[in-house]
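Trainee: Below are the sequence and a predicted model for it; my questions follow.
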Amino acid sequence: MHTHLVAPSQLIPLISARLGFHPPVHSYSLHPLSSQLQGIASGAQVLLVQAPDDQYVHRLQASHPNLLDLLLVPSPIAPSHGFITLASGNNAQLTEAASLIDHLAPIHNGWLHIGPLGSCGYINQLWHTLLTPQGAPPFLDWRLLSEANTQAKALDHTLTQADLIAQLASLMAQQQLQIQTMASISRRFLADYPDEAFIPHHPQTSNFFGAFSASNQAPAEQLARLLAQY
C-alpha cells in the first residue's frame, strides 16, 4: 500500500533525509501539512505528522478514515539515527503502516504507541505550550532551541538582586500559565476520549511504565489525567 506522509514543511527535509538514508520498501510520498490532505484519495493510507491538536486530526479523519497521527521529535541527527517517534491510532492501521514507521524510528519497533487517534496531536499541543516561546513560529525546531541557548549564554550576569527577583517572578508566572494551559488542553482531550480499554501495538510497551501499566489506560490518557488535576 502507498502511504502519504503529511508533515509541516519545515520537517519534510528531515523526513526525506531520514528515508533516503534508511530507504523503506514501502511506497510513500511527502506532502506539506498546509495542504490538509487535498488531492489525497479518501481511502488512502495517511500518516499525519505534528498535527496541531487532536481536534484537527478528527476533522481530517471524517474524509480520510485510514488516518494515523505521529509525533517526530526534530533533531539534526534524525537523518542518520532516526526520530524519537510517537504514534496514535488503532492497531490494525498501525500494523499496516509499521514498516514505514520503523524506518522513521531509530530501530525496528523503536517507536511508542501512545493511544487512539488524535493522541499525538494532543502531545504536540502540550509540546508547544511547554517549549515554544511566546510569539515564536508555531513549529518549534532545534534551531530555535539552539538560538535560545546561545542568547542565554550571552546574557549580562551583572544583574542586581532586584533584577533577579523580578526575572524569577516573571518565570514563575509564565510556568503557572503553562500549567493552567496544559490542564485545560488535557481536560478538553479527555472530554472526547473514547471509553475503551487501550491495547498497545507493541506488547512490550507495558514494560515502560511500571505501576501505571497495571491499568488499561493509554500513555496519553494517563498523562492527560495527571495534568487535568491542576
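Mentor: Perfect, thanks for sending it.
Trainee: per-residue confidence at the residue lying farthest from the centre of the chain?
Mentor: When distances to the mean C-alpha position of the chain are computed (Cα atoms, centre = their mean), the maximum falls on Thr160, with 39.8 Å. Note on Thr160: pLDDT of 82.
Trainee: Format the CA atom coordinates belonging to stretch 67-86 as PDB.
Mentor: Only the C-alpha atoms of stretch 67-86 are listed here, as PDB (Å, rounded to 0.1, in the frame of the first residue of the first chain):
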ATOM      1  CA  LEU A  67      -5.500   8.000   9.100                       C
ATOM      2  CA  LEU A  68      -2.800   7.800  11.800                       C
ATOM      3  CA  ASP A  69      -1.100  10.600  13.500                       C
ATOM      4  CA  LEU A  70       2.600  10.700  14.500                       C
ATOM      5  CA  LEU A  71       4.900  12.900  16.600                       C
ATOM      6  CA  LEU A  72       8.500  13.100  15.500                       C
ATOM      7  CA  VAL A  73      11.000  15.000  17.700                       C
ATOM      8  CA  PRO A  74      13.100  17.000  15.200                       C
ATOM      9  CA  SER A  75      16.800  16.700  15.600                       C
ATOM     10  CA  PRO A  76      19.900  17.300  13.400                       C
ATOM     11  CA  ILE A  77      20.900  13.600  13.900                       C
ATOM     12  CA  ALA A  78      17.500  12.300  12.900                       C
ATOM     13  CA  PRO A  79      18.500  11.500   9.300                       C
ATOM     14  CA  SER A  80      21.200   9.100  10.300                       C
ATOM     15  CA  HIS A  81      19.900   7.900  13.700                       C
ATOM     16  CA  GLY A  82      16.100   8.200  13.400                       C
ATOM     17  CA  PHE A  83      13.400  10.200  15.100                       C
ATOM     18  CA  ILE A  84      12.100   9.700  18.600                       C
ATOM     19  CA  THR A  85       8.700   8.600  17.300                       C
ATOM     20  CA  LEU A  86       5.200   8.500  18.900                       C
END
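Trainee: mean confidence score for that stretch?
Mentor: On average, stretch 67-86 scores 95.
Trainee: for that stretch, which positions count as buried?
Mentor: 67-72, 74, 78-79, 82-86 (16 or more other Cβ atoms under 10 Å). (Glycine included, C-beta is placed from N, CA and C.)
Trainee: Next: stretch 218-229.
Mentor: 218-225, 227-228.
Trainee: repeat for stretch 51-62
Mentor: 51, 53-58, 60-61.
Trainee: again with stretch 86-94
Mentor: 86-89, 93-94.
Trainee: ok, and what's touching it?
Mentor: For stretch 86-94, the external contacting residues (Cβ atoms under 8 Å, 6 or more residues apart in numbering) are 45, 66-71, 101, 111-121, 123, 199, 201, 220.
Trainee: Look at that stretch and report the distance between its end residues.
Mentor: One end of stretch 86-94 sits 11 Å from the other (Cα to Cα, to the nearest Å).
Trainee: quick one on the thing from earlier: generate the PyMOL command that creates a selection of the buried members of the contacts of stretch 86-94.
Mentor: Buried residues within the contacts of stretch 86-94, by 16+ other Cβ under 10 Å, are selected in PyMOL with:
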select buried, resi 45+66+67+68+69+70+71+101+111+112+113+114+115+116+117+118+119+120+121+123+201+220
